[in-house]
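Trainee: Kindly return the folded structure for what I paste below:
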Amino acid sequence: MTAAHDLNLRHLRLLVAIAEAGSLSHAARASGVSQPALSQALAKLEATFGVALFDRTASGVSPTAAGRRIVRRVDHALTRISRAFRRSSATPQKGDPHNYLTTAHVRGLINLAEAGSFMRAAESAGVSVPALHRAVRDLEQLSGTALVERRGRGVGLTRAGTTLAQGFNLAHAELTTALEESSGKGGRLAIGAMALSRSLLLPATLADLLRDHPAARVDVVEGSYLELVELLRSGRIDMLIGALRDHPGRELLQEPLFTDRLTIIGRAEHPLATGEAGFEDLAAYPWIVARRASGLLDRWQQMFDQADKPRPDAPIQCGSVALIRGVLVRSDFLTLLSPDQVSAEIESGSLVTIQSCVPDTMRTIGAITRRDWYPTALQEQFMAVLRHHATVGRTQPGV
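Mentor: Next up, the predicted model:
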């Protein structure tokens, strides 16, 4: 299948112009090209996408059902690029510099952002280092600002370069989706999964989804909120499943799925496993807590700060539930965790919830997407199955 980087951006702009004009001749005049050239560009795009994009009539052209979906995604991609140019430029731009953009420019900056050096980026893009340098210089002239800066032995993107690369990534994601949808194959999902979603909710959802869509391909990316939300913003993942935030970015949309309970967990033979522990008791034992800048760590800190009690010693910070479970069953460490994440150990009797004077903490688990996200049929089905299991899983343990 054709890759998004192989699409001709000039042809894509002509595609949107045809849809807006409703006529090949009107679109040709508006775009400043000949009608034969426009027709040739359209024929190439229809061959690339493998579908008819327009119905031809005596009064003009109108998008087919497949054409409407593709035009919408292409228009969305081009808007992403245009918006990124505006946001990355320090001064108002004359004309429409993004109209001179090529896929070589887009691919070059995306690869440079990922690789951190011109040599590695050129290897990844399959071009020479001088060609990549030229592409970046062209971009800097088009945007009117510096996009790359030296960092030690490598290079990094400036703030403007990062903004532009993010817009390019989002555009690339839209075009990739347009190609996949038109192929008629199973489709793809890229899901960011925080810890709780990996234990019950996501496995049940994916098992059901893949049973109905065996040709689908799913990429599950594990990580912390801070790591995953950047992948979401750049279009590298489609949605993020985990604990919702009080103040997400304006470009993000949060959908609550269920309320989760955080409680204190320890081994069954822990000295605090019987009776009710006070703050002094809790502070007498070491803790294993979530990594820095995580919502779970914030909740643990607030548990003691709001009671005006000193925080206990926490020699281990960790984002792996498997490692946390392993430490707890072998020691007198304590942790703050959802019982769902250690349900198997609680059922087997190796771990228990520790009763204390501290009330359980509630948090909302949900799905986070980009506010202007345009889901595919497969992505919509995934969200429907996810909502179902979020509801069923609260009343049927193990689902």
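Trainee: how near is the spatially most central residue of the chain to Leu252?
Mentor: In the chain, the centroid-proximal residue (Cα atoms, centre = their mean) is Leu232; its distance is 2.2 Å. In this view, Leu232 and Leu252 are 7 Å apart by Cβ to Cβ, to the nearest Å. The way it works is simple: take the backbone N, C-alpha and C, and place the C-beta from them, glycine included.
Trainee: Next: Met362.
Mentor: Distance of Met362 to Leu252, computed by Cβ to Cβ: 21 Å.
Trainee: and Gly349, what is it in contact with?
Mentor: Contact partners of Gly349, counting by Cβ atoms under 8 Å, 6 or more residues apart in numbering, are Ala268.
Trainee: those helices in the stretch 151-300 of the chain, which residues are they?
Mentor: 159-183, 195-199, 201-212, 225-233, 279-283, 295-305 (DSSP state H, counting those that start in this stretch).
Trainee: what's the spacing between the third one and its chain's center?
Mentor: In terms of Cα atoms, centre = their mean, to the nearest Å, the centre of helix 201-212 is set 19 Å apart from its chain centre.
Trainee: From the contact counts, what lies against that helix?
Mentor: Contacts defined by 3 or more Cβ pairs under 8 Å, 6 or more residues apart in numbering; DSSP states H and E place helix 201-212 against strand 217-222, helix 377-392.
Trainee: Check the longest one too.
Mentor: Identification of packing neighbours for helix 159-183 by 3+ Cβ pairs under 8 Å, 6+ apart yields helix 35-49, helix 65-88, helix 103-115, helix 129-143.
Trainee: Tell me, please, where in the protein the pLDDT is lower than the cut-off.
Mentor: In the predicted model, the chain carries pLDDT under 70 at residues 1, 90-95, 293, 393-399.
Trainee: From start to finish, how long is stretch 122-131 in a straight line?
Mentor: Length of stretch 122-131, first residue to last, Cα to Cα, to the nearest Å: 8 Å.
Trainee: same deal with stretch 2-15?
Mentor: In stretch 2-15, first residue to last residue: 17 Å (Cα to Cα).
Trainee: Could you give me the buried positions within it?
Mentor: Ala4, His5, Leu7, Leu9, Arg10, His11, Leu12, Arg13, Leu14, Leu15 (16 or more other Cβ atoms under 10 Å).
Trainee: if we take those, which one ends up nearest to Pro130?
Mentor: Nearest to Pro130 among these is His5, at 19.2 Å by Cβ to Cβ.
Trainee: The closest one: what's it in contact with?
Mentor: Residues in contact with His5, defined by Cβ under 8 Å, 6+ apart, are Thr103, Val106, Arg107, His172.
Trainee: Select from these the one having the most neighbours.
Mentor: Using other Cβ atoms under 10 Å as the neighbour test, the contacts of His5 are led by Val106, with 26 neighbours.
Trainee: That one and Leu226, how far apart?
Mentor: 26 Å.
Trainee: Throw the helices and strands packed on helix 201-212 into JSON lines and include distance to Gly116, thanks.
Mentor: Formatted as JSON lines, the helices and strands packed on helix 201-212 follow (distance: least, Cβ to Cβ, whole Å):
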{"stretch": "strand 217-222", "distance to Gly116": "20"}
{"stretch": "helix 377-392", "distance to Gly116": "31"}
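Trainee: now, of those, which is deepest in the fold?
Mentor: Counting by mean count of other Cβ atoms under 10 Å, helix 377-392 has the highest mean neighbour count of these, with a mean of 17.
Trainee: Check which helices and strands that one sits against.
Mentor: On a contact count with 3+ Cβ pairs under 8 Å, 6+ apart, helix 377-392 meets strand 188-193, helix 201-212, strand 239-243, strand 252-267, strand 361-370.
Trainee: repeat that with 10 Å
Mentor: Helix 377-392 makes packing contacts with helix 159-183, strand 188-193, helix 201-212, strand 217-222, strand 239-243, strand 252-267, strand 361-370 when contacts are defined by 3 or more Cβ pairs under 10 Å, 6 or more residues apart in numbering; DSSP states H and E.
Trainee: who has more neighbours, Met362 and Leu252?
Mentor: Leu252 (17 against 10).
Trainee: Can you name the residues bridging to the residue lying closest to that one once chain neighbours are set aside?
Mentor: Residue nearest to Leu252 in three dimensions, not counting chain neighbours: Ile368, with 5.7 Å by Cβ to Cβ, 6 or more residues apart in numbering. Ile368 forms beta bridges with Leu240, Gln254, as assigned by DSSP bridges.
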